[in-house]
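*Asks:* Below are the sequence and a predicted model; questions follow.
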Amino acid sequence: MEHLTKETFLNKVFNFEQSKEWKFQGELPCLIDFYADWCQPCKMVAPILEELAEEYKGKINIYKIDTEDQQELSAAFGIKSIPSLLFCPMGEQPQMAQGALPKESMKQAIEDVLLKIKKEEVVTN
């Protein structure tokens, strides 16, 4: 999992210095974890994100942004509480989720928001 700085964020996610309109720069949809080292819920989320990075390898990218180190990025997204998870699909507006989500909720969001996997409704007679 890659830790983003402002410089890598501008290249891989969104260049907010050049554009006010959201324009995702990535080649794969991504999930960005805004965290801090002192944050206990962030520490609970970290191993889940490691697992998801493996499970969805080649389908999505998972990035981490240290809100203490990268305050300008945190401010650009109005991060008030951590962990905050930013889901960036291809060609659509990003969606923010706050708090330590359980793994199943994260998987659901990855599939619904990032990968657009619609579960077929099972019709029983």
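*Replies:* Okay, I see it.

*Asks:* Which helix or which strand is home to the residue nearest to the spatial centre of the chain?
*Replies:* Nearest residue to the geometric centre of the chain (C-alpha atoms, centre = their mean): L31, 2.1 Å. Using DSSP states H and E, L31 sits in strand 30-35.

*Asks:* returning to that earlier point: if I look at the residue nearest to the centre of the chain, what pLDDT would I see?
*Replies:* Looking at L31, its pLDDT reads 97.

*Asks:* show me the contacts for it.
*Replies:* Counting by C-beta atoms under 8 Å, 6 or more residues apart in numbering, L31 makes contact with 49, 52, 60-63, 85-88, 106, 110, 114. From N, CA and C alone the C-beta is placed, and that goes for glycine too.

*Asks:* Let's have these in a markdown table, adding secondary structure and distance to E2.
*Replies:* Compiled in a markdown table, the contacts of L31 are given as follows (DSSP: H, G, I helix; E, B strand; the rest coil; distance: C-beta to C-beta, whole Å):
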| residue | secondary structure | distance to E2 |
| --- | --- | --- |
| L49 | helix | 12 |
| L52 | helix | 14 |
| I60 | coil | 12 |
| N61 | strand | 7 |
| I62 | strand | 8 |
| Y63 | strand | 5 |
| L85 | strand | 15 |
| L86 | strand | 14 |
| F87 | strand | 17 |
| C88 | strand | 14 |
| M106 | helix | 18 |
| I110 | helix | 17 |
| L114 | helix | 17 |
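
*Asks:* Include neighbour count and distance to Q95 when you put the residues you listed into JSON lines, please.
*Replies:* As requested, the contacts of L31 are arranged in JSON lines below (neighbours: other C-beta atoms under 10 Å; distance: C-beta to C-beta, whole Å):
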{"residue": "L49", "neighbour count": "21", "distance to Q95": "17"}
{"residue": "L52", "neighbour count": "19", "distance to Q95": "16"}
{"residue": "I60", "neighbour count": "21", "distance to Q95": "14"}
{"residue": "N61", "neighbour count": "21", "distance to Q95": "16"}
{"residue": "I62", "neighbour count": "21", "distance to Q95": "15"}
{"residue": "Y63", "neighbour count": "22", "distance to Q95": "15"}
{"residue": "L85", "neighbour count": "24", "distance to Q95": "9"}
{"residue": "L86", "neighbour count": "19", "distance to Q95": "8"}
{"residue": "F87", "neighbour count": "21", "distance to Q95": "5"}
{"residue": "C88", "neighbour count": "25", "distance to Q95": "8"}
{"residue": "M106", "neighbour count": "21", "distance to Q95": "13"}
{"residue": "I110", "neighbour count": "22", "distance to Q95": "11"}
{"residue": "L114", "neighbour count": "22", "distance to Q95": "9"}
